[in-house]
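A.B. asks: have a look at this prediction, sequence included:
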Amino acid sequence: MIRSLRGRLFIGLTAIIILTGAIGGMFAFNWAFDEAIEMQDSILTQIASLAQNSGFSGGQPLPGVEEDAEVWIMELGKAPHGSADDRQLWSHQDGLHVAARAGQPIRVLVRTRADGSRFAVAQPTAVRDETARDMALRTLVPIAALIPCLMLVTALLIAQSLRPMVRLASDLDARRADDMSPLPLKGMPSELHPFIASINGLIARMRLMMDQQRRFIADATHELRTPIAALSLQAENLDPVDLPAAARDRLAALKQGMQRTKHLLEQLLALARQEAHPLGRGEMPQVSLDHVAKEVVADLLPQALNRNIDLGFELVEPLAVPSEPVMLAAMIRNLLDNALRYTPEGGNVDIGVYRQDGAAILQIEDSGPGIESSDMDRIFEPFFRGAREEAEGTGLGMSIVKRVVDELGGSIALENIMGVGRSGLRVIVRLPIAADPDLSANKPTAI
Ligand SMILES: Nc1ncnc2c1ncn2[C@@H]1O[C@H](COP(=O)(O)OP(=O)(O)OP(=O)(O)O)[C@@H](O)[C@H]1O
Ligand SMILES: [Mg+2]
């Protein structure tokens, strides 16, 4: 059982072509054969007429008749005589007959001259049949040549007709997992329309389901923030209480756990917010990249001071990008948080905000250990934490960054800095710049 549609069509159509060719060939052969026999009879008739009118008699080579044709004239005389075959011939009336000569079948045309003498024009049946077969076979040549041509055309036609299906499959394969746009019907053969409509229906249902899930995650995360904040407050309320040392240790562990949970919720919320983002790229407001970066740096400065890390700007140019302040801030915060977290105490984190080749660049360089090249491919996957499993973190930071960058139509590149006595990670985010860079006028941006 052939599973491929292409294979089935090809084999089916080829079988039809060969069958039609064979039946057509058989008929053509038979017709041509009969025609050739008739033609040879008429040649015998012409020779006989010629012999009769010109007084040509047997025993001489026939002028204009090929030797291969083995046509000869037999004089039968005025009365039956000679061999049994001759007498048998004499008994035939004038006209065409099948007779025998030395046990071989021959075709003869018997004629009587005006003086009563008779003669016969004869030709061996075997020679006639062979000539007729040769001629008939020649009629099969075009049919035989046509069959492979038709098969080739069929194969090309099938491939051409099935191309939209192949294209549809490769379009679907090449799709990003979160691309929920419907498949276009334009340019597709009408037979595929119901199929595409069904896929589009499925995509629409999936989009609805994913939207519901995103909303659920966003709502659930949001709802969880309040009780966690309340629990943190309760734990902090225990600070002034006189507690035994063991209880104080447990309290510290509890607070740390709550801090981790809070961080996880914040990250999940950032991710959910990002995914449930309602605005298209064209509708986003112009946001000052340098301004947002400065605000995030100001927020993280205590963390940097705490770890004695030199956090600062190397280069800042006023630049506006179409974005949302919250999105942009979440991206920068996560990148800087990583740089600060994975850089050892006393290190440096340098930030650059500048314009290059018509794009806005945010560059962050740290002096940490960098990322193992084997982890680079998976670094944007949610919950992937690479080689630093032991340190605190959820593994969601980089996936938030990636989604924001994708949403803004930008790109991100990570490279390990490998200099003499120097290591670290360089992150370069490239974002499309706002049409009017003057909009980057330092108006306060809410984060
Ligand atoms: N600047 C960096 N230097 C070294 N390693 C890094 C750096 N940034 C990210 N990584 C590696 O990439 C992993 C994934 O980073 P990501 O920000 O997604 O998660 P996380 O920092 O572990 O958790 P989260 O940011 O959600 O708290 C980190 O666990 C770390 O191993
Ligand atoms: Mg992180």
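C.D. replies: Arrived safely. Ligands and ions are numbered 1, 2, ... in the order given.

A.B. asks: pLDDT weak spots in the stretch 201-350 of the chain?
C.D. replies: Filtered on pLDDT under 70, the stretch 201-350 of the chain yields the residue ranges 276-281.

A.B. asks: pLDDT wise, what is residue 200 at?
C.D. replies: pLDDT for residue 200: 94.

A.B. asks: could you measure from it over to ligand 1?
C.D. replies: Counting by CB to the nearest ligand atom, to the nearest Å, the separation of residue 200 from ligand 1 is 34 Å. (Glycine included, C-beta is placed from N, CA and C.)

A.B. asks: repeat that for residue 54.
C.D. replies: Distance from residue 54 to ligand 1, by CB to the nearest ligand atom: 112 Å.

A.B. asks: now that residue: phi and psi?
C.D. replies: phi -100, psi 0 (degrees, to the nearest 10).

A.B. asks: same check, this time on residue 95
C.D. replies: phi 130, psi -170.

A.B. asks: and what of the one 3 residues further on?
C.D. replies: In terms of degrees, to the nearest 10, the main-chain angles of residue 98 are phi -110, psi 120.

A.B. asks: that one: what's it in contact with?
C.D. replies: Contacts for residue 98 (CB atoms under 8 Å, 6 or more residues apart in numbering) come out as 105-108, 125.

A.B. asks: swap in residue 423?
C.D. replies: Taking CB under 8 Å, 6+ apart, one finds 367-370, 416-417 in contact with residue 423.

A.B. asks: and it, that one's in a strand?
C.D. replies: Yes - assignment of residue 423 by DSSP: H, G, I helix; E, B strand; the rest coil places it within a strand.

A.B. asks: hey, what's it bridged with?
C.D. replies: residue 418 (DSSP bridges).

A.B. asks: before we move on, the earlier item: now the buried members of the contacts of residue 98.
C.D. replies: The neighbour count (16 or more other CB atoms under 10 Å) marks 106-108, 125 as buried among the contacts of residue 98.

A.B. asks: now the contacts of residue 423 in TSV, with neighbour count, secondary structure and pLDDT?
C.D. replies: TSV is the format used below for these (neighbours: other CB atoms under 10 Å; DSSP: H, G, I helix; E, B strand; the rest coil; pLDDT from 0 to 100):
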residue	neighbour count	secondary structure	pLDDT
367	21	coil	95
368	23	coil	92
369	15	coil	92
370	19	coil	92
416	15	strand	95
417	14	strand	92
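
A.B. asks: nearest to ligand 1 among those?
C.D. replies: residue 368 (4.2 Å; CB to the nearest ligand atom).

A.B. asks: before we move on, the earlier item: quick check, nearest of the buried ones among the contacts of residue 98 to ligand 1?
C.D. replies: Closest to ligand 1, out of all of the buried ones among the contacts of residue 98 and judged by CB to the nearest ligand atom, is residue 125, at 95.5 Å.

A.B. asks: now the closest one: how far from ligand 2?
C.D. replies: Using CB to the ion, to the nearest Å, one gets 100 Å for the distance from residue 125 to ligand 2.

A.B. asks: do residue 336 as well
C.D. replies: For residue 336, the distance to ligand 2 - CB to the ion - is 10 Å.

A.B. asks: for that residue, grab the count of nearby residues.
C.D. replies: The local packing of residue 336 (other CB atoms under 10 Å) involves 23 other residues.

A.B. asks: one more: residue 8?
C.D. replies: 13.

A.B. asks: what's the following helix or strand after whatever helix or strand it lives in?
C.D. replies: Using DSSP states H and E, residue 8 sits within helix 5-54. For helix 5-54, the following helix or strand on the C-terminal side (DSSP H and E) is strand 72-77.

A.B. asks: and the residue most central in space within the chain, what element?
C.D. replies: The centroid of the chain falls nearest to residue 170 when counting by CA atoms, centre = their mean (2.8 Å). Residue 170 belongs to helix 125-174 when assigned by DSSP H and E.

A.B. asks: what's that helix packed up against?
C.D. replies: helix 5-54, strand 104-112 (3 or more CB pairs under 8 Å, 6 or more residues apart in numbering; DSSP states H and E).

A.B. asks: of all these, which lies closest to ligand 2?
C.D. replies: helix 5-54 (49.4 Å; CB to the ion).

A.B. asks: can you give me the angle that closest one makes with helix 125-174?
C.D. replies: 160 degrees (axes from the mean of the first three to the mean of the last three CA atoms, to 10 degrees).

A.B. asks: so what does helix 5-54 touch, helix or strand wise?
C.D. replies: Short answer (3+ CB pairs under 8 Å, 6+ apart): helix 5-54 packs on strand 95-101, strand 104-112, strand 118-124, helix 125-174.

A.B. asks: so who does the nearest residue to residue 344 once chain neighbours are set aside touch?
C.D. replies: The shortest distance from residue 344 to any non-neighbouring residue, by CB to CB, 6 or more residues apart in numbering, is to residue 368 (6.7 Å). Residues in contact with residue 368 (CB under 8 Å, 6+ apart) are 339, 342-344, 347, 423-425.

A.B. asks: interface residues of the stretch 201-350 of the chain facing ligand 2?
C.D. replies: residue 338 (CB under 5 Å from the ion).

A.B. asks: how about the strands in the stretch 201-350 of the chain?
C.D. replies: Using DSSP state E, counting those that start in this stretch, the strands of the stretch 201-350 of the chain run over 286-288, 310-316, 320-322, 348-356.

A.B. asks: I'd like those strands laid out as CSV, including mean neighbour count and distance to residue 328.
C.D. replies: Shown next, in CSV, are those (neighbours: other CB atoms under 10 Å; distance: least, CB to CB, whole Å):
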stretch, mean neighbour count, distance to residue 328
strand 286-288, 23, 6
strand 310-316, 14, 15
strand 320-322, 22, 7
strand 348-356, 19, 11
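
A.B. asks: just to revisit the earlier point, winner for burial among the helices and strands packed on helix 5-54?
C.D. replies: strand 118-124 (a mean of 22; mean count of other CB atoms under 10 Å).

A.B. asks: any idea how far residue 141 is from residue 224?
C.D. replies: As for residue 224, its distance to residue 141 is 84 Å (criterion: CB to CB, to the nearest Å).

A.B. asks: ok so, going back, near ligand 1, from the contacts of residue 423?
C.D. replies: Filtering the contacts of residue 423 for proximity to ligand 1 by CB under 6 Å from any ligand atom leaves 368-370.

A.B. asks: let me know the closest of those to ligand 2.
C.D. replies: residue 368 (11.9 Å).
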